[in-house]
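>>> how would this look folded up:
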Amino acid sequence: MAVTIRLARTGRKNLARYRVVAADSRMPRDGRFLETLGVYNPEANPKEITLKIERIAHWIKLGAKPSDTIRSFLSQQRFADKIAAIEKGIDPATISPKPEPKVKPKAKKKKGE
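Numbering: from 1, shown residues only. From the prediction side, this is the model:
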């Protein structure tokens, strides 16, 4: 069984929220999963990302592969630094996440163009 760590959509129409889950790669996006590993809320300002670092590390050690989006979240949360801190016996809560990159708003086109 190939396990992936990926997003599963929840929430109502036009108001998306996502769970970070460990799931069999053959299951559908919102189908059966093995464990909930966190939550992602893109509607909040700033975006909320809550991850269970120790459980994600457990699944990765067992061979689970994170999706590209989850890999991005892990780098933002300094996953590798937190795992190293846990192995050294340091509290991982002392390591702060990277600040969210600032994105310039897109220029609006005028109607005549």
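>>> The chain: helices as residue ranges?
For the chain, the helices defined by DSSP state H cover 53-61, 68-76, 79-88.
>>> Would you mind pulling the contact partners of stretch 7-20?
With contact meaning CB atoms under 8 Å, 6 or more residues apart in numbering, stretch 7-20 is reached by 5-6, 21, 23, 29-30, 33, 36-43, 51, 56, 67, 69-70, 73. Glycine gets a C-beta too; all of them are placed from N, C-alpha and C.
>>> Pull out the buried positions in that stretch.
For stretch 7-20, the neighbour count (16 or more other CB atoms under 10 Å) marks 7-8, 17-20 as buried.
>>> Ala107: which of the helices of the chain is closest?
helix 68-76 (25.7 Å; CB to CB).
>>> Compute the inter-axis angle for the closest one and helix 79-88.
Put simply, helix 68-76 runs at 60 degrees to helix 79-88, going by axes from the mean of the first three to the mean of the last three CA atoms, to 10 degrees.
>>> quick one: average confidence on helix 68-76?
For helix 68-76, the mean per-residue pLDDT is 84.
>>> For that helix, name the packing helices and strands.
strand 3-12, strand 48-51 (3 or more CB pairs under 8 Å, 6 or more residues apart in numbering; DSSP states H and E).
>>> what angle do it and helix 53-61 make?
Going by the same axes, to 10 degrees, helix 68-76 makes 130 degrees with helix 53-61.
>>> report the angle between the axes of helix 68-76 and strand 3-12?
Orientation check (the same axes, to 10 degrees): helix 68-76 against strand 3-12 gives 100 degrees.
>>> buried residues in helix 68-76?
70, 73-74, 76.
>>> Over to stretch 36-49?
Buried-residue list, stretch 36-49, by 16+ other CB under 10 Å: 37-38, 40-41, 49.
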